[in-house]
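Participant: Sequence first, predicted coordinates after that:
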Amino acid sequence: MQFVQASFLAAAAAVAIPVIVHLLFRSQARRVNLGTLRFLKQVLERNAQRQRIMRWLLLALRMAAVAVLALLFARPYFLEASLAKDRKLLLILIDSSASMDLKNEHGRLIDQALAEAREIVGEQGPRTQIEIAYFDHAVRPLSGNVRPSADAASGDNLQSARVLMRDLPAPAASYRATNYGAAINWARDLAMRTPATRQELHIFTDLQQSGLDWTEVEPLPQQVEVQLHDLGRVAVNNLAVTEVRALQAALHPGESTAVHVTLLNSSPFPAAAQTVVLKLESGQKRLSLKERVKLEAGSTGGVTFETPALEAGLWAGTATIEADDDLAFDNTRHFAIRCAAPYRVLIVDGQPHALSLLSESYFLSAALRLAAPEESYAKAAFDVTVVPGGLDVALPELETFAVVVLANPGALSEALVRPLKSFVSAGGGLVVFGGDQVTAKSCEALRKWGLSPGDIAGPVLTNDLPFRIDVWEEHHRLLAPFEDPQHGDIRRLSFRGYTRLVVADPAATTSEQGVAPVSTHHGPRVLARFRNGDPVLTEQRVGDGAVLWCALACDRSWSEWSSSRLYVPLVHQLIRQPVGLNDGGPIRPMPIDAEHDASGDLQPGLSPQPGYWNVVNASPRESETDRCTLEDFAERFQLTLQTGESTPIGPVAQITRSDMRPHEQWHWAAIAVLALMLTEGFVANRTVS
Amino acid sequence: MTPSPLLTDPAFFSRLESLELRARCIVEGFLTGLHRSPFVGFSVEFASHREYAPGDDPKYVNWKIFARQRRLYVKEFDAETNMNLYILLDVSGSMECANTGRSKLHYGASLAAALAHLALKQRDAVGITLFADAVVGHLAPRAKTHQLEEILRLISTTTARPVSDASRALQQAAELCRHRGMVVIISDLFDDASAIARGLEHLRFRNHEVIVVQLWDPWERDLPMEGNVRFRDMETGTELATRVEGIRDAYREAVASWQGQLETECRNRAVDRLELTTEDRVDKALLDYLVKRSRML
């Protein structure tokens, strides 16, 4: 048994206290005169033997309580049998971020780090547990290979670690940034849960300053001896493209745009007349633009490229600074431009009217086109086509449309619904607005083909209190813009009627708050509800597409919401949802960071995904090659750095730290003290002094 | 010992005016009192006539008989005479125990004075005997008016003796109580019950009506205090320290056992036993007892 605060054992001398207290009490007992002590003597003589034993027991209990109390403050702990005694924990963290690909006179920094780590592992004596990990924006432990195996009997993994380090290949150049916080957290967790009398942490890194301030980090236990192996170079010549941004990521064919490229010169010297090349490629079509730029030392700069009119298609591009610098990973940055016609939206008007103002789709069409009838807006995201609804209507070819909107549809024949089902299953979007013609009978075909969220109960009207939207999923991408009431308070919209939707599986779609939590199920999901609990908005996946039902009428028949300022953004969000625009659109930037690169194999470039593209680039933070000092590093993570060479392990290292050790036994001492005090009270009340 | 205020308190004595102490048995005496005497004397209860003799008080001549028979007869009555009240007051060291403010000796002296006053008011002869390990003071019974002063003076000038021997003292006191009467023993009786019984036996042998008034200091009887206490024996001076909570119950049992034993000894000898604590009011206790006794008579 060892003690964290061995000096407290001196307090065990306080076992004399009960004796002193006893003597003091004897002398301080108050005096009472009695006419005779004959009765008292009778009583005491009768219990004399028993009381004598009780008194000794009481004294023993009191002395034991004091002794255990001293033990409690001394904080005893058991080193794990013979294994934990004089055991050493060696933690090795090797920075594998992109900046470690830097070269000096001995080669790459990462190679040097590996070589030094091998030396340290080779110097270790027996009874050393070794944990090794690479780290960049996350920690990648190699411990799986270093676990005790053949040498388990000795309680260490020294041989396994030596074999591992000998065979470990140097990692290839990476694009990942540095996060010291993650590394320190990993080391801290291991140090806390591993019993060892001595703990060492070796960090091989280039002390990149940008890696310091990422996350909040708990300090390491104080017994961990930290050694920082600074491998970085004093001056690094690095030019980087840190951002590429097209002013319009989505273009219509024949439109041009500007692409702004942000550059960084993190070297201590200015870079004069550096060539920046912008390349765009779409199929066989290629485009290359060049600009020259001058960058001051340690500054950022930018250059803007004007593209010519682009044809339809996905244009994958790169912006490259042609420089022979020390770090090449950040010389090129990827981007993409989608050049396509506006999304075609087909509105099937259930109540067409000769006077367009009175037709069901009038406001919806105008809101999507962002232009009054007979007018057009060139930058509108949607190309709207309106056709009258009805049993005998013939829909145009749906393949050219992105979304079909049924506005207050009347009776729909199966001949019409069947192609709709195929359209949605293939990835198209279907949005259905309610109205007085939306009934169970008229929508039977939709329900039959799985295009409705459940049963359609028909219109619900009120003549007194209007219906209001009460709750909705604030974090759903469709409704997220309305989370802040200053952007438009949905609760203020009032309705005289709505189409009642009976969602098939309420348990799966509602929560205690009345709105379904975010989930991945494919059944209907209620996104918003009226105060009476009826759904306002539902969403469901059908095949690769999505179906949205809105219980509101899109015209003015049941409310004035079409003339409110919420109308345009709401219907835009509704139409954007099945297209995927609410999720980021067809081109989505993706930095290589801990969130997106859990597996560690993400590479820069365009990555095709179902329905969209990811544009993957390295984190621009890694391009900042400014270094911090050892003191900055130590201060940031509250470390006490070791400056000297490591000393051999003593038989039992003295531990005088204030932090709790993993095998402390103080709680047992506390329980013992409590038990002793309770017993003492029990015995004392039955003992005559 | 200084006389307590109660001893000279007129209010206290006036409260006793209403009490009448009647002896349970007929005792002989030579003072006319309210008690019936076995001897014929002058009183209100007519007994018989006898011929006039020189020296007889002419007021007792029955003139109606003289008118009829021309002979002088005087009336004879059953004399209501006094009793002898012997008060035996314990003045041993244990009687000085005064944990609640008033010592048992103080209380006993008050009680003795009250009894003496009562008896003298009805012209009974009162005497007092102070005892500890032996008789330490004695005043023979008198029915004189200044007897109360004598008794009070004796009480107030007597100091407590360290050791008591109730048995021996009672034996000696019995020898001093020559004439038949009532003996009131005021003591804590902290002695062996059998030894006390022997003393009582001696008193009863002399045909005395014996009343034992046993005095307690409340702390002696119940040990109501808490914590560690160092007890001191007031007669021997020995000390004993203990924690009261641990022995209180056993102590009370021991006291109760001894009282039971004492009660049995008294009952076997037709001795009345009255138990009082120094917190009981003297006059109330006395009244209660006399009422109880009058019902018994």
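Facilitator: All right, it came through fine. Numbering: from 1, shown residues only, chains lettered A, B, ... in the order given.
Participant: how about residue 185, secondary structure?
Facilitator: By default, I'm working from chain A. Residue A:185 carries the three-state label helix when classified by DSSP: H, G, I helix; E, B strand; the rest coil.
Participant: Chain B, not that one
Facilitator: strand.
Participant: My guess is it contacts residue B:211. True?
Facilitator: Yes: because the distance of 7.1 Å satisfies CB atoms under 8 Å, residue B:185 is recorded as touching residue B:211. All C-beta spots, glycine's among them, are computed from the backbone N, C-alpha and C.
Participant: Settle it for me: which of those two has more neighbours?
Facilitator: Set residue B:185 next to residue B:211 and count neighbours by other CB atoms under 10 Å in any protein chain shown: residue B:185 wins out with 28 against 21.
Participant: which residues are in contact with stretch A:362-376?
Facilitator: Contact partners of stretch A:362-376, identified using CB atoms under 8 Å, 6 or more residues apart in numbering or on different chains, comprise A:345, A:347, A:356, A:377, A:380, A:382, A:384, A:386, A:405, A:407, A:433, A:554-556, A:562-563, A:567-568, A:571-572, A:575.
Participant: Which positions within it qualify as buried?
Facilitator: Within stretch A:362-376, the residues that count as buried by 16 or more other CB atoms under 10 Å in any protein chain shown are A:362, A:363, A:364, A:365, A:366, A:367, A:368, A:369, A:370.
Participant: Could you do stretch A:158-176 as well?
Facilitator: So, applying 16+ other CB under 10 Å, buried residues of stretch A:158-176: A:158, A:160-165, A:168, A:170-171, A:174-176.
Participant: Let me see the mean pLDDT of that stretch.
Facilitator: Mean pLDDT, computed over stretch A:158-176, is 82.
Participant: Would you state the strands of chain B in chain order?
Facilitator: In chain B, the strands defined using DSSP state E lie at B:32-41, B:45-51, B:73-81, B:84-90, B:125-131, B:135-142, B:181-187, B:209-216, B:228-233, B:239-243, B:272-277.
Participant: Pull the number of nearby residues for the residue in chain A positioned nearest to chain B.
Facilitator: Chain A approaches chain B most closely through residue A:35 (3.2 Å), counting by CB to the nearest CB. Neighbours of residue A:35 under the rule other CB under 10 Å: 26.
Participant: isn't it right up against residue B:99?
Facilitator: No: taking CB under 8 Å as the definition, residue A:35 is not a contact partner of residue B:99, at 9.7 Å.
Participant: who touches both of those two?
Facilitator: Common neighbours of residue A:35 and residue B:99 (CB under 8 Å, 6+ apart) are B:217, B:220.
Participant: for chain A, what are the nearby residues on the stretch 101-250 of chain B?
Facilitator: Neighbours of chain A within the stretch 101-250 of chain B, by CB under 8 Å from any CB of the partner chain: B:104, B:188, B:190, B:217, B:219-220, B:225, B:227-236, B:238-243, B:245-247, B:250.
Participant: thinking again about what came up before, worst mean pLDDT among the strands of chain B?
Facilitator: strand B:32-41 (a mean of 42).
Participant: and the strands of chain B as CSV, adding distance to residue B:174?
Facilitator: Listed next are those as CSV, based on distance: least, CB to CB, whole Å:
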stretch, distance to residue B:174
strand B:32-41, 22
strand B:45-51, 32
strand B:73-81, 23
strand B:84-90, 9
strand B:125-131, 10
strand B:135-142, 10
strand B:181-187, 8
strand B:209-216, 10
strand B:228-233, 28
strand B:239-243, 34
strand B:272-277, 17
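Participant: Skipping its backbone neighbours, what lies nearest residue A:311 in space?
Facilitator: residue A:253 (5.8 Å; CB to CB, 6 or more residues apart in numbering or on different chains).
Participant: If you tally nearby residues, what's the number for that neighbour?
Facilitator: Counted with other CB under 10 Å, residues neighbouring residue A:253 total 12.
Participant: That one is in contact with residue A:339, isn't it?
Facilitator: Yes: with contact defined as CB under 8 Å, residue A:253 and residue A:339 form a contacting pair (5.7 Å).
Participant: hey, what's in contact with both of those two?
Facilitator: By CB under 8 Å, 6+ apart, the residues touching both residue A:253 and residue A:339 are A:310, A:311, A:312.
Participant: Please identify which helix or strand holds the closest residue to the last one other than its chain neighbours.
Facilitator: Sequence neighbours aside, residue A:253 is the residue nearest to residue A:312 in space, at 4.1 Å (criterion: CB to CB, 6+ apart). Take DSSP states H and E as the rule and residue A:253 turns out to sit in neither a helix nor a strand.
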